[in-house]
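1. sequence and predicted structure below; questions after.
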Amino acid sequence: MKREILFFTNLHPLPWQSTRATYNREETRHLAEHANITLLIPVPWFTWIKEVLINGHRGEPNMCLFPFFYIPKVLSFLHPFFMLLSVALSIKPLYLFFRAKNVIASWAYAEGVCAAVLKRIFRFKLIIECLGSDVNVLINKPIHKTQMRWAFGISDTVTTKSYALAKEVNKHAPLAKLEVVYNGVDFDTFSLRSIPLFRGHSLNLLFIGSIIPTKGVFELVEGIAALKDKHSISLSIIGSGHSTALLRDKIMQLDMQASISLTGAVPHNELPQHLQNVDALLLPSYREGVPNVIMESLATGTPVVATRVGGIPEVVSSTLNGVFIEELSAEGVATAIDTLIKKDWQPAQIRQSIQKYTWENTALQLIDLLDK
């Protein structure tokens, strides 16, 4: 008989937002091969009213969407309390926690803290998954830190997506029972490219991610502009974010409209063809965990150019599958691209470099932690 797992997270594709946090869909899809998965997803109350009540969106049969009642952008240290209140008021989520034997809270704050409180009441086994900014940003706030340290102590296991993130958790919560469980990549979907690298006179580059300052997108376009008299470069930017209009203005200011295109968000199942048709993926972020898009790029045999932050150095090697941006500036980006061009890349070796990072291995690690 399969075990039962309640997967509690705000980060999951939704009926009205199919490209959101696709990595959690992959994780739960592979967990479902070993367990019965129920998805419990808090949705901001104003979005829930619009999309569920008014537009009539419904989740998958194993998905429970419930309204998360909170005050946006203020009093964030009260979010675990508001999450608990929302669980109780919505009734069904409370019932799901009551009957749960195993809970995975995929986001340390507020889901992890809320689940830890409910664990004290209902005595289920709890894994708190730390994904990145839930630790890198929020744990530096005193009240949030106190709450998260308590929750980590209550949980049976705290997992992180990289050793760099585990080190950060350990610095703030040394008693947490830590395990590193990397995200995987779907090697069937992200298959080895058949198109040679650097096959044309123009260098084709790609960025995939949120269009926000911390992703280094402004330094990226400035770096491309700095190379316009030296190389023929085409950059496609896939993604959306609150800085899109500012980035478009920057591209126009640099007179780079002919070389840089803003593609917008695309469905996850279309990413392989984009990655297989470019010469490199660029991700000049200020902070990261281990970005799934880097793993997906490497799976296709496409090298990456990225900053040496978070868990990126754990999967990217400057001698095998990528180039590091040593200084996050226009000059640093330009220097890294110059280095990229000079190297002899072997797509099959690039793919082989991350062969062990499969979603099946991710699922089996989590199942093993629940069985301990």
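-> Yes, it's here. Numbers count the residues shown, from 1 in each chain.

2. phi, psi for the closest residue to residue 83 other than its chain neighbours please.
-> Nearest non-adjacent residue to residue 83, counting by CB to CB, 6 or more residues apart in numbering: residue 114, 4.1 Å away. Backbone N, C-alpha and C define where each C-beta goes, glycine included. Phi and psi for residue 114, reported as degrees, to the nearest 10, are phi -60, psi -50.

3. which residues touch residue 135?
-> For residue 135, the contact set (CB atoms under 8 Å, 6 or more residues apart in numbering) comprises 108, 148, 160, 165, 168, 169, 172.

4. which SSE is it in?
-> For residue 135, the host element (DSSP states H and E) is helix 133-136.

5. got a pLDDT number for the residue at the greatest distance from the centre of the chain?
-> Most distant from the centre of the chain: residue 229, at 35.1 Å, with distances by CA atoms, centre = their mean. Residue 229 carries a pLDDT value of 89.

6. my guess is it is in a strand, correct?
-> No: looking at residue 229 with DSSP: H, G, I helix; E, B strand; the rest coil, it is coil, so not inside a strand.

7. and it, how far is that from residue 330?
-> Distance, residue 229 to residue 330, using CB to CB, to the nearest Å: 14 Å.

8. same deal with residue 350?
-> For residue 350, the distance to residue 330 - CB to CB - is 26 Å.

9. what does residue 234 give?
-> Distance, residue 234 to residue 330, using CB to CB: 18 Å.

10. mind checking which of these two has more residues around it?
-> Legend: neighbour count by other CB atoms under 10 Å for residue 234 and residue 330, higher for residue 330 (20 against 17).

11. list the contacts of the closest residue to that one other than its chain neighbours.
-> Sequence neighbours aside, residue 222 is the residue nearest to residue 330 in space, at 3.6 Å (criterion: CB to CB, 6+ apart). Counting by CB under 8 Å, 6+ apart, residue 222 makes contact with 250, 254, 330, 333.

12. any idea which element the residue nearest to the second one when sequence neighbours are not counted lies in?
-> Just to be clear, that refers to residue 254. Distances taken as CB to CB, 6+ apart put residue 225 closest to residue 254, at 4.3 Å, once the chain neighbours are dropped. Residue 225 is part of helix 217-226 when elements are defined by DSSP H and E.

13. now find how far off-centre the very next helix or strand once past that helix is within its chain.
-> Using DSSP H and E, the helix or strand that follows helix 217-226 in sequence is strand 233-238. Centre-to-centre, strand 233-238 and its host chain are 21 Å apart (CA atoms, centre = their mean, to the nearest Å).

14. just want the angle from the helix or strand following strand 233-238 to strand 233-238.
-> Later in the chain than strand 233-238, the nearest helix or strand by DSSP H and E is helix 244-253. Helix 244-253 and strand 233-238 are oriented at 170 degrees to each other (axes from the mean of the first three to the mean of the last three CA atoms, to 10 degrees).

15. quick revisit: buried ones from the contacts of residue 135, can you make that a PyMOL selection?
-> Here is the PyMOL command that selects the buried residues among the contacts of residue 135 (16 or more other CB atoms under 10 Å):
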select buried, resi 108+148+160+165+168+169
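
16. ok, the contacts of residue 135 vs residue 63, which is closest?
-> Residue 63 has its nearest neighbour among the contacts of residue 135 in residue 108, at 21.6 Å by CB to CB.

17. wait, that closest one touches residue 128, no?
-> Yes: using CB atoms under 8 Å, residue 108 is in contact with residue 128, at 5.6 Å.

18. shared neighbours of these two, which are they?
-> What both residue 108 and residue 128 touch, as defined by CB under 8 Å, 6+ apart, is the set 151, 152, 158.

19. export those residues as TSV, with columns for secondary structure, neighbour count and pLDDT.
-> What follows is these, written out as TSV (DSSP: H, G, I helix; E, B strand; the rest coil; neighbours: other CB atoms under 10 Å; pLDDT from 0 to 100):
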residue	secondary structure	neighbour count	pLDDT
151	helix	27	97
152	helix	27	97
158	strand	26	98
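
20. pull the contacting residues for the residue nearest to residue 83.
-> Residue 114 touches 8, 80, 83, 84, 87, 105, counting by CB under 8 Å, 6+ apart.

21. that one and residue 81: what is the separation?
-> Distance from residue 114 to residue 81, by CB to CB: 9 Å.

22. equivalent analysis for residue 302, please.
-> Distance of residue 302 to residue 81, computed by CB to CB: 45 Å.

23. the more surrounded of the two?
-> Per other CB under 10 Å, whichever of residue 302 and residue 81 has more neighbours is residue 302, with 28 against 16.

24. not counting sequence-adjacent ones, nearest residue to that one?
-> For residue 302, the spatially nearest residue (CB to CB, 6+ apart) is residue 275, at 5.1 Å.
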